[in-house]
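1. Just to be clear, the model below is a prediction. Sequence and coordinates:
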Amino acid sequence: MRFFSNKLAGLCLIGAVALTGCSADGNDPGVEYAPQMYHSVPYEPLTQITGEEIPTSLGAIAYGVVDKFYGADENENYYKQFINSLPYNDYNGKVAINVKKPVEGTVARQNFTSVTGANEAQPDQLILDYSKYGKEDIELAAAELVNPLTDKETVSTMLKTAGKGASDAELAAFDKDLVKDGKALYTSYCQPCHGAEGNGKGKVGVVFKGVANLKGNAVKTASDGHIFHVITHGRGRMWAHKSQINPEERWKIVRYVRTLQGK
């Protein structure tokens, strides 16, 4: 008889515990054990859950809160002060989304800048998109790619589109500015390895061997497309620079490298 009573009491206890996990909302887990494991302390990416959408539950008891679902109004707005279901962050419902718009002037990685320097394409602008040339396509890039910033016809069209003239003097002025920009970019991104003279004797090149001599015959006889591809995807011990330098800037560096070679 005692065994039966103990068995019945055990079944009742199990049933009572099971019922604590029940609620009108089938998606509500009821009591939460270690709630910090269910509610992320850091903001979850790409979430737009407002406090109004956070379900009330028996889980509130775990936080020492009695919510209005059970007839009490003490701290009834406990969940509504949080965003993204984060009871452990003091977010206080200021914004209903944690993915903010980029600040003004933000430049996307690998953006395809037009030759006029605008971040967005305008009619008749040449867009420098070389996404079809992958890392293994160096021979194809070497054969097909031409520097648009040194192509007379392309530069003339670009200048006219911008409302400028395309006389020989204006083309020469454009090239002068091109070399100036290329030098600044080269100094920032290339000089540490290749050296100021392009001879491969930069501070990094002296310590780590295998840095290319840009004035050597191998690079000197290579096409502009070849150099552009190496800057983009890297080669040998050189890493890719496509995430740091946009296509237009890479072509400017190519132009400056040619001046180092005496071209």
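-> Structure's in. What do you need? Numbers count the residues shown, from 1 in each chain.
2. make it CA atoms for all contacts and neighbour counts henceforth
-> Fine.
3. Report how many residues lie close to residue 200.
-> The tally of other residues near residue 200 (other CA atoms under 10 Å) stands at 24.
4. meant to ask about residue 152, not that
-> Neighbours of residue 152 under the rule other CA under 10 Å: 13.
5. Pull the contacting residues for it.
-> Contact partners of residue 152, counting by CA atoms under 8 Å, 6 or more residues apart in numbering, are residue 171.
6. How confident was the prediction at it?
-> We have a pLDDT of 92 for residue 152.
7. same question, residue 157
-> Residue 157 is assigned a pLDDT of 86 by the prediction.
8. again, but for the one 10 residues further on
-> Residue 167 is assigned a predicted lDDT (pLDDT) of 93.
9. mind checking how far it is from residue 160?
-> To residue 160, residue 167 is 10 Å away according to CA to CA, to the nearest Å.
10. Now do the same for residue 148: helix, strand or coil?
-> Recorded secondary structure, residue 148: coil (DSSP: H, G, I helix; E, B strand; the rest coil).
11. Which stretches in the chain count as strands?
-> Taking DSSP state E, the chain contains no strands at all.
12. which residues of it score low on pLDDT?
-> Low-confidence segments of the chain (pLDDT under 70): 1-4, 19-100, 105-127.
13. how is it carved up into domains?
-> The chain is divided into the following domains under automatic domain parsing: 2-81, 138-260.
14. start to end distance for the longest one?
-> Start-to-end span of domain 138-260 (CA to CA) is 23 Å.
15. Check stretch 223-243 too.
-> This stretch, stretch 223-243, spans 22 Å end to end (CA to CA).
16. Going by neighbour count, which residues of stretch 215-232 are buried?
-> Buried residues in stretch 215-232, counting neighbours by 16 or more other CA atoms under 10 Å, are found at 215, 219-220, 223-232.
17. what about stretch 228-239, how long is it end to end?
-> Terminal-residue distance, stretch 228-239 (CA to CA): 13 Å.
18. Adjust the sequence numbering to begin at 26 for everything that follows.
-> Happy to do that; since the first residue is 26 now, the last one works out to stretch 253-264.
19. quick one: contacts of it?
-> Contacts for stretch 253-264 (CA under 8 Å, 6+ apart): 159-160, 163, 166-167, 235-236, 265-267, 275-276, 279.
20. quick one, what contacts residue 198?
-> By CA under 8 Å, 6+ apart, no residues touch residue 198.
21. And residue 232, how close does it get to residue 226?
-> Residue 232 sits 9 Å away from residue 226, taking CA to CA as the criterion.
22. coming back round to it: pick the one among the contacts of stretch 253-264 closest to residue 174.
-> Minimum distance to residue 174 across those is 7.0 Å, recorded for residue 276 (CA to CA).
23. For the closest one, give me its contacts.
-> For residue 276, the contact set (CA under 8 Å, 6+ apart) comprises 172-174, 253.
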